[in-house]
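Novice: What follows is a predicted structure for the sequence shown.
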Amino acid sequence: NLALSELSLGQRVLVRYGGAERDRHGRILGQLFVGENEIWAQEAMLLAGLARVYSFADNRNCLLELYKAEARARIEREGIWDGEGFYAIRNANKPLAILQRTDRYELVEGRVLSAEQYGQRVYLNFGPLWKKDFTVLVERSALRLFERKGIDPLNLKGALVRVRGWIENINGPLIEITHPEQIELLAK
């Protein structure tokens, strides 16, 4: 990335960790601070509209600040946030369009029509046809993280939310949630 190179090339950098230090591919999972003023590189890239937030269940410490930076860039229509194209936020009421994004990391917004628990899983359905409409799946391991934060995903019924994650085609478009921060409550 040219902007990241311009920000950091020839500068002293500091990496701070907020959880797991490497991903499964051996890549560093840290926050990068550049120069004497310790400019937070991830925040700078988000504010410029050159990135979107991606998080992991075991590395979530700075998400509130990162979401704020991403939201500001989105409001100001910076960079990738032109409202259309590859990085557009998908509409949960358009499952066929979401299915075209299978195996891609996406942001999807919509109102939760129903929230139901079956065994150790919670399903958030965004339409009446759960085998065709957009669905969010919260697995048991993620439910424990929701519980630790005092959040019950079943209470999201009727809420307007933004969900981020990988689109899968399992009885229609689906995002599996691994941690609570993947769901942003927009309105109840």
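Specialist: Noted; the coordinates are in hand. Given the structure is predicted, the values throughout are model-derived calculations rather than measurements. Numbering: from 1, shown residues only.
Novice: what sits against residue 151?
Specialist: residue 180 (C-beta atoms under 8 Å, 6 or more residues apart in numbering). Quick note: C-beta positions are derived from backbone N, CA and C, even for glycine.
Novice: Please report how far it lies from residue 183.
Specialist: Noted for residue 151: a distance of 9 Å to residue 183, by C-beta to C-beta, to the nearest Å.
Novice: can you give me the strands for the protein?
Specialist: 13-22, 28-34, 39-40, 90-91, 105-111, 114-118, 121-125, 135-138, 160-169, 173-177, 183-187 (DSSP state E).
Novice: In TSV: those, plus distance to residue 72, mean neighbour count and mean pLDDT.
Specialist: Output for those, formatted as TSV (distance: least, C-beta to C-beta, whole Å; neighbours: other C-beta atoms under 10 Å; pLDDT from 0 to 100):
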stretch	distance to residue 72	mean neighbour count	mean pLDDT
strand 13-22	21	13	86
strand 28-34	18	17	89
strand 39-40	14	17	92
strand 90-91	21	18	96
strand 105-111	15	19	97
strand 114-118	30	13	95
strand 121-125	27	20	96
strand 135-138	25	23	97
strand 160-169	15	18	97
strand 173-177	24	23	97
strand 183-187	14	15	94
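Novice: now those strands as a markdown table including distance to residue 73?
Specialist: Listed next are the strands of the chain as a markdown table, based on distance: least, C-beta to C-beta, whole Å:
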| stretch | distance to residue 73 |
| --- | --- |
| strand 13-22 | 21 |
| strand 28-34 | 18 |
| strand 39-40 | 14 |
| strand 90-91 | 18 |
| strand 105-111 | 13 |
| strand 114-118 | 30 |
| strand 121-125 | 27 |
| strand 135-138 | 24 |
| strand 160-169 | 15 |
| strand 173-177 | 22 |
| strand 183-187 | 15 |
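Novice: Let me know which of the ones you listed is the nearest to residue 2.
Specialist: strand 28-34 (14.9 Å; C-beta to C-beta).
Novice: got the angle for that closest one vs strand 13-22?
Specialist: 170 degrees (axes from the mean of the first three to the mean of the last three C-alpha atoms, to 10 degrees).
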